[in-house]
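Colleague: pasting the sequence and the predicted model now:
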Amino acid sequence: MANAVAADAPEGFSSVLREEVPVTGASQPLLIHCADERDQSESVADRVLELYEQGIGLQKQAVLFRAAHHSADLEIELARRRIPFVKYGGLRYLEAAHVKDLLAAFRLADNPRDEMAWFRLLQLMSGVGPTKARRAINALRDMDGNIPLSHGEIQRRWSGVVDVLPSDVRDMSRDLAEALCEKESEPVVVHAERIRRAMVPLISSSYDDAASRLEDLGALVLACTETTRLSDVAAEQALEPPASTGDLAGPPTIDEDWLVLSTVHSAKGLEFDAVHVIHAADGNFPSDMSLGSPEGLEEERRLFYVAITRARRNLAVYVPLRYHHHRVRDDHSWAQPSRFLSESVRSTLMEVPAASTSQQIPSSTPAVTIDGSGVVAGQLSKLW
C-alpha cells in the first residue's frame, strides 16, 4: 500500500519498500467505510478490543490522525468503554476546560445540589469570582441550608441569585437556569443541545478561541443520543478533581497498558504492531488548509505515507461517509474518501462497507437507475 501511495506522487519518493524478513501474523490492510464519525469511533474501539483479544496489547496499537481535534469523538467512546489511552500531539479532549464546563452543566441538569458544578459554571460569568459564586450558591439554599432538588424551585429562587451577580450577566444566568430544567417528554439529546446553546455566551466570554471550542462541544451532545440521563454522560467521562501531589509519582504497575492516540506528526519515527488511521476523508486528510499549493498537497501525501508506514502487522484506514453539522437535526454533508486512496492504492486494501449501509441495502437488491436530469427538470417545471 505504501509503495502505491508513493507511486502516485509526481516526485519526491525515490525509495521502494521491500519485505526482507517475513513478518509473522501480518494481514492485508483494511479500508473500513463508516456511516459517520460516531460509527467510526465504535468501529475503532471494536477493532482495538478484537486485536487485544488476539494478543496485541494496547501499547502495541496506535490511532493516528491528521489534526488533534479529530480524536474528540473517539476519546468519548474510549472513556465510555473504559479503554485507557494516552494522547500525543494535543490536549486530551476530555481534559479541555470548556469540555469540563459542559460536563458540569450536564451533572447539574440531573442534580441541582452539585455545588462543585455550580461553583465552576458561575465563575465563567464576567465579574464573578469565588466569593460572588459562593454567595450565589448560598442564595439558592432553603432555611435548612439545602439546595432544592427541583429545577422548578431553583428557577423560583433565581431572583436571589440575580441580585448577587453583576448586571451584565444576569440575562445569561437566567438562560442557563432555564436550559438546565428538562422539558416534559424531551429527548436527552435535545436537552443537551439546549444546554450547549445556553453555554455559548459563557464560553465566548471566558476563552479567546471560543469559536473552535464551541465546535468541539458538538461531540459531547452527540454522545447523549445513546443515554437516558445527562449525568450518565458526565459519569462515563470520569470527571474528577485534580489528583494530590502524592498520587503523581510512583512506579507503574505490571498490568499497566494503554492505547496510543497521536497526531501523525508526533508519531514520526515510531512503529506499532497495529495502526488505525482515522478520518481518511478529503478535507481532513489531506487537510483543506494545506491545499493552496502543489507543495502543500505533496506534504500532506508524505504525512499520509508516514501514517500508514507506522504499522508492522495490522493496518486499518477508516473513512466516514458523512459528517454532521448539527447534533440534533440530521444536517450533514457527504464525505469523499481521501484523494490519496486512489484506485491503485485501494487495490492493495480489503474494503469493508459501512455496517449501517450493508444492513439497509441487502446484496441481493437489484440496482436502481435514477434519471437525475429528469427529476431536476420536473422540479424546475413545478416552480413555474
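Modeller: Everything's here; your move.
Colleague: tell me what the longest strand anywhere in the chain is packed against?
Modeller: The longest strand of the chain (DSSP state E) is strand 311-320. The helices and strands touching strand 311-320, judged by 3 or more Cβ pairs under 8 Å, 6 or more residues apart in numbering; DSSP states H and E, are strand 30-34, helix 37-53, strand 272-277. (Glycine included, C-beta is placed from N, CA and C.)
Colleague: quick one: contacts of that strand?
Modeller: Under the criterion Cβ atoms under 8 Å, 6 or more residues apart in numbering, residues 1, 23-27, 29-37, 39-40, 43-44, 47, 51, 56, 271-281, 308, 335, 337-338, 341, 349 lie in contact with strand 311-320.
Colleague: quick one, that strand and helix 37-53 angle?
Modeller: Put simply, strand 311-320 runs at 160 degrees to helix 37-53, going by axes from the mean of the first three to the mean of the last three Cα atoms, to 10 degrees.
Colleague: and the average pLDDT for strand 311-320 is what?
Modeller: Averaging pLDDT along strand 311-320 gives 93.
Colleague: what does stretch 257-272 give?
Modeller: Computed over stretch 257-272, the mean pLDDT rounds to 88.
Colleague: mind checking how far it is from the chain centre?
Modeller: Relative to its parent chain, stretch 257-272 has a centroid offset of 18 Å by Cα atoms, centre = their mean, to the nearest Å.
Colleague: so which of the helices and strands packed on strand 311-320 comes closest to Leu121?
Modeller: helix 37-53 (27.0 Å; Cβ to Cβ).
Colleague: the stretch 151-300 of the chain: strands as residue ranges?
Modeller: Using DSSP state E, counting those that start in this stretch, the strands of the stretch 151-300 of the chain run over 259-263, 272-277.
Colleague: most tightly packed of those strands?
Modeller: When you average the neighbours per residue for each of those (mean count of other Cβ atoms under 10 Å), strand 272-277 leads with a mean of 25.
Colleague: packing partners for that one?
Modeller: Counting by 3+ Cβ pairs under 8 Å, 6+ apart, strand 272-277 packs on helix 37-53, strand 61-65, helix 294-308, strand 311-320.
Colleague: what strands line up against it, and which way round?
Modeller: As defined by DSSP bridges, the strand partners of strand 272-277 come to strand 61-65 (parallel), strand 311-320 (parallel).
Colleague: picking that back up, TSV for the strands of the stretch 151-300 of the chain, including distance to His70?
Modeller: Shown next, in TSV, are the strands of the stretch 151-300 of the chain (distance: least, Cβ to Cβ, whole Å):
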stretch	distance to His70
strand 259-263	8
strand 272-277	10
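Colleague: out of the ones you listed, which gets nearest to Leu321?
Modeller: Evaluated over these, closeness to Leu321 peaks at strand 272-277, with 16.2 Å, by Cβ to Cβ.
Colleague: next, the angle strand 30-34 makes with that closest one.
Modeller: Relative orientation of strand 272-277 versus strand 30-34 (the same axes, to 10 degrees): 40 degrees.
Colleague: list the contacts of strand 272-277.
Modeller: 44, 47-48, 51, 56, 60-65, 260, 285, 307-308, 310-318.
Colleague: look at Leu341 and report its pLDDT.
Modeller: The model's pLDDT for Leu341 equals 91.
Colleague: list the contacts for it?
Modeller: By Cβ under 8 Å, 6+ apart, the contact set of Leu341 is Leu31, Ala280, Val317, Val319, Leu349.
Colleague: who wins for neighbours among these?
Modeller: When neighbours are counted by other Cβ atoms under 10 Å, Val317 leads the contacts of Leu341 with 29 neighbours.
Colleague: winner for burial among the strands paired with strand 272-277?
Modeller: strand 61-65 (a mean of 27).
Colleague: my read is that Asp175 contacts Ala198, right?
Modeller: Yes - with contact defined as Cβ atoms under 8 Å, Asp175 reaches Ala198; the gap is 4.9 Å.
Colleague: and the helix or strand following the longest strand of the chain, how far from the chain's centre?
Modeller: Sequence-wise, the next helix or strand downstream of strand 311-320 (DSSP states H and E) is strand 322-324. From the chain centre to the centre of strand 322-324 is a distance of 12 Å (Cα atoms, centre = their mean).
Colleague: same for strand 322-324, what does it pack against?
Modeller: Using 3+ Cβ pairs under 8 Å, 6+ apart as the contact test, the elements touching strand 322-324 are strand 332-334.
Colleague: quick check: mean pLDDT of the strand it packs on?
Modeller: Rounded mean pLDDT across strand 332-334 is 78.
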